[in-house]
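Visitor: my questions are about this predicted structure, shown below with the sequence.
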Amino acid sequence: MSANMIEIKVDKSLSNLAGNRFGRQVFSEQIKEKLDENKTNIVVIPTGIDDIASSFVQGIYSEISEKYGKKKAHLLMVLESTNVEVMQKIEDSIKTYGI
Amino acid sequence: MGEYMFECDCLYEDNYINKKKRILVKLQRHGVVRIHLKNNVLDGSAIAYLASEINYVIKTYKKACKKIIISCNELKPGDKLSYILLEIILYDLFINKGYEVELQGNTCRTSIDTEGLYDSTINNHYEYTLDPPKYIKKFEFEQNRTHFRRIIKKESSDGATISVLLGELKTFFYTSGIDKKETDRLAQVISELVDNTGEHTNADCLVDVDISKEPYMVADEENQEFRAVNTVVLNLGDKCLCDDIQNKIKNHYYTNSDRYDMVECAYNNHKELFGKYYNEMDFFTVVAFQDAISGRKDETKTGGTGLTQLIKSLEANAYEHGCYVLSGRQGLFFWPEFLEYNQENWLGFNRNKNFILEPPDDKVILRTNTFLRGTGYNFTLIYRKGAQ
């Protein structure tokens, strides 16, 4: 499946992403309309972010998990970051908390 | 004066005891009333009594009462949440309701989990009442080496607020001398609690963290210093923690969900067990912490925050801990041995990890005399100072 890159933008002063509602808000405002159901959608976390909370990961996946189920949601949308620790946190969130 | 924040009318009304035979709080000359706290410890009973008496004063004397004196022989808080509730009551009476307020007590006695009282507006309360803008500022915001306080207002609790809070907490903990991995984890738990609160209630949220100033030594642990990190996350909302999920399950406000059907099945099983020591509210408070279960009306597949796993990991890495949640007149202690999910991802809060058929362990169930309409988390974590 080919990839659809979606870059999200947040305030430059932020170095953390946290909060279920914030995750939903970012999905709703920056991702939803750009989502291509025929592709793997790669959501790029801004480079200034050095930590991501499980609540944010849960929030950002919330709507598509409700719509498609968790398994398909993770195939449809993948979070990516150039920061290794952030990637690890995303993986831990999905694995440990079943997001 | 500041905006009306943390109004305590529900706290007073919910705790009012209308006794036929009571020693009435009398209105003295010049509109003064005196409420004396007889308890040795400022605990749930003392707060409930205080709230009840205040309700009587407000409803009976109305504007005839100008000044409220709260006295005690010795101010010894039972835990952090107790003194935070006292602090909120004093703030409400003075700032929101315009009473003159005086706190009289001979001494303060604190311990490792309550020494944060010394940097609260309770300490030197009289001086704060002389400078209301300073009082409001101190109540709403603090960040020094050992004390962090924020009020997350309901209208600004979404958006990036939680992200900002997480960053600020991490900064606060940076100079604590406690392992960064643990403090980052605690910062995440705190911010998730605040996020959860903001989503489920329409109320301001108070976050208060204090780190014990002097390191403590423990017998049999020579050459080791310990520090306590005490946290309260509190909102005085219009509902209790279990209300939404209780409503959702009892009224079947969900569609096509095996998982919610299982909760309903569990409810029918647990109904047979309800009695004096375990009741429906306890059950639905346990449900509020289940994986993939949410009180949100439009959700059936997601929900929960993995919060209990985060709490468990916090406790696993602390030398000692005491963590609980309070809502209504009850709550749950977060004992790590009861925070294990079973294979179906249910959290029983009991040794057999059985949510569907068995009640929580007796040790988990919390009771208090204070009715809290809202939710209060109280965490005490004791860490070794320095690297783990």
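Guide: Arrived safely. Numbers count the residues shown, from 1 in each chain, chains lettered A, B, ... in the order given.
Visitor: what sits against B:Ala316?
Guide: For B:Ala316, the contact set (Cβ atoms under 8 Å, 6 or more residues apart in numbering or on different chains) comprises B:Pro336. C-beta coordinates here come from the backbone N, C-alpha and C atoms, glycine included.
Visitor: that one and chain A, how far apart?
Guide: For B:Ala316, the distance to chain A (Cβ to the nearest Cβ, to the nearest Å) stands at 13 Å.
Visitor: distance of that residue from B:Cys323?
Guide: Here B:Ala316 is placed at a distance of 12 Å from B:Cys323 (Cβ to Cβ, to the nearest Å).
Visitor: what are the bridge partners for the most centrally placed residue in chain A, then?
Guide: Taking Cα atoms, centre = their mean, the centroid of chain A lies closest to A:Leu79, which sits 4.5 Å from it. Going by DSSP bridges, A:Leu79 is paired in beta bridges with A:Val43.
Visitor: okay but it is in contact with A:Ile60, surely?
Guide: Yes. A:Leu79 lies in contact with A:Ile60 (Cβ atoms under 8 Å); the separation is 7.2 Å.
Visitor: now do the shared contacts for these two.
Guide: Common contact partners of A:Leu79 and A:Ile60 (Cβ under 8 Å, 6+ apart): A:Val43.
Visitor: what's stretch A:31-45 in contact with?
Guide: A:1-8, A:17, A:52, A:60, A:63-64, A:75-81, A:83, A:86.
Visitor: span of it from start to end?
Guide: Stretch A:31-45 has an end-to-end distance of 12 Å (Cα to Cα, to the nearest Å).
Visitor: could I get the buried residue list for it?
Guide: For stretch A:31-45, the neighbour count (16 or more other Cβ atoms under 10 Å in any protein chain shown) marks A:Ile31, A:Leu35, A:Asn41, A:Val43, A:Ile45 as buried.
Visitor: could you work out the most separated pair of those residues?
Guide: Distance extremes for the buried residues of stretch A:31-45: the farthest pair is A:Leu35 and A:Ile45 at 16.4 Å, using Cβ to Cβ.
Visitor: put the buried members of the contacts of stretch A:31-45 into a PyMOL selection.
Guide: Once 16+ other Cβ under 10 Å is used to decide burial, the buried members of the contacts of stretch A:31-45 can be selected in PyMOL as follows:
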select buried, chain A and resi 4+6+8+17+52+60+63+64+76+77+79+81+83+86
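Visitor: among the contacts of stretch A:31-45, which are in helices?
Guide: In helices, judged by DSSP state H, the following of the contacts of stretch A:31-45 are found: A:Ile60, A:Glu63, A:Ile64, A:Leu75, A:Leu76, A:Val86.
Visitor: longest helix anywhere in chain B?
Guide: In chain B, with assignment by DSSP H, the single longest helix is helix B:180-200.
Visitor: and that one, does that touch chain A?
Guide: Yes. Helix B:180-200 comes into contact with chain A (Cβ under 8 Å from any Cβ of the partner chain), by way of B:Asp184, B:Gln188, B:Ser191, B:Glu192, B:Asp195, B:Asn196, B:Gly198, B:Glu199.
Visitor: what mean pLDDT does that helix get?
Guide: Taken as a whole, helix B:180-200 has a mean pLDDT of 87.
Visitor: buried ones in that helix, by neighbour count?
Guide: With burial defined by 16+ other Cβ under 10 Å, the residues of helix B:180-200 counted as buried are B:182-200.
Visitor: kindly provide the distance from B:Ser294 to A:Ile31.
Guide: Using Cβ to Cβ, B:Ser294 is found at 21 Å from A:Ile31.
Visitor: for the residue lying closest to A:Ile90 once chain neighbours are set aside, give me the pLDDT.
Guide: Leaving aside its chain neighbours, A:Ile90 sits nearest to A:Leu79 (5.1 Å; criterion: Cβ to Cβ, 6 or more residues apart in numbering or on different chains). Looking at A:Leu79, its pLDDT stands at 97.
Visitor: coming back round to it: in contact with the residue nearest to the centre of chain A, which residues?
Guide: When contacts are counted by Cβ under 8 Å, 6+ apart, A:Leu79 touches A:Val43, A:Ile45, A:Val57, A:Ile60, A:Ile90.
Visitor: wait, is the last one part of a helix?
Guide: Yes. The assignment for A:Ile90 (DSSP: H, G, I helix; E, B strand; the rest coil) places it in a helix.
Visitor: burial measure for it, as a count.
Guide: Look at A:Ile90: counted by other Cβ atoms under 10 Å in any protein chain shown, it has 21 neighbours.
Visitor: what stretches of the chain score poorly on pLDDT?
Guide: Chain wasn't specified; assuming chain A. Chain A contains residues with pLDDT under 70 at A:1, A:97-99.
Visitor: you looked at the wrong chain, it should be chain B
Guide: B:1-3, B:21-22, B:219, B:297-306, B:386-388.
Visitor: show me where it has helices.
Guide: For chain B, the helices defined by DSSP H occupy B:9-14, B:44-61, B:80-91, B:125-129, B:132-140, B:161-173, B:180-200, B:243-250, B:258-271, B:280-287, B:307-316.
Visitor: mind checking how far B:Val41 is from B:Asn73?
Guide: From B:Val41 across to B:Asn73, the span is 11 Å (Cβ to Cβ).
Visitor: then B:Gly328?
Guide: Distance of B:Gly328 to B:Asn73, given as Cβ to Cβ: 30 Å.
Visitor: now swap in B:Lys180 and tell me
Guide: Look at B:Lys180 and B:Asn73: by Cβ to Cβ, they are 43 Å apart.
Visitor: got the contact list for B:Asp92?
Guide: By Cβ under 8 Å, 6+ apart, the contact set of B:Asp92 is B:Phe6, B:Glu7, B:Cys8.
Visitor: same question, A:Phe22
Guide: A:Phe56, A:Gly59, B:Asp158, B:Gly159, B:Ala160, B:Thr161, B:Ile162, B:Ser163, B:Asp195.
Visitor: what about burial for these, which qualify?
Guide: Neighbour counting over the contacts of A:Phe22 (16+ other Cβ under 10 Å) leaves A:Phe56, A:Gly59, B:Asp158, B:Ala160, B:Thr161, B:Ile162, B:Ser163, B:Asp195 as the buried ones.
Visitor: need those in CSV with distance to B:Glu100, can you?
Guide: Output for these, formatted as CSV (distance: Cβ to Cβ, whole Å):
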residue, distance to B:Glu100
A:Phe56, 46
A:Gly59, 46
B:Asp158, 37
B:Ala160, 40
B:Thr161, 35
B:Ile162, 37
B:Ser163, 41
B:Asp195, 38
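Visitor: from the residues you listed, which two are the most distant?
Guide: Most distant of those, by Cβ to Cβ, are A:Gly59 and B:Thr161, 13.4 Å apart.
Visitor: quick one on the thing from earlier: more neighbours: B:Val41 and B:Asn73, which one.
Guide: Taking other Cβ under 10 Å, B:Val41 and B:Asn73 do not tie; B:Val41 has more neighbours (17 against 14).
Visitor: roughly how far apart are the more buried one and B:Asp14?
Guide: B:Val41 sits 21 Å away from B:Asp14, going by Cβ to Cβ.
Visitor: do B:Asp113 as well
Guide: B:Asp113 is 26 Å from B:Asp14, by Cβ to Cβ.
Visitor: which parts of chain A are strands?
Guide: Assigned by DSSP state E, chain A shows strands spanning A:3-7, A:16-17, A:40-44, A:51-52, A:77-80.
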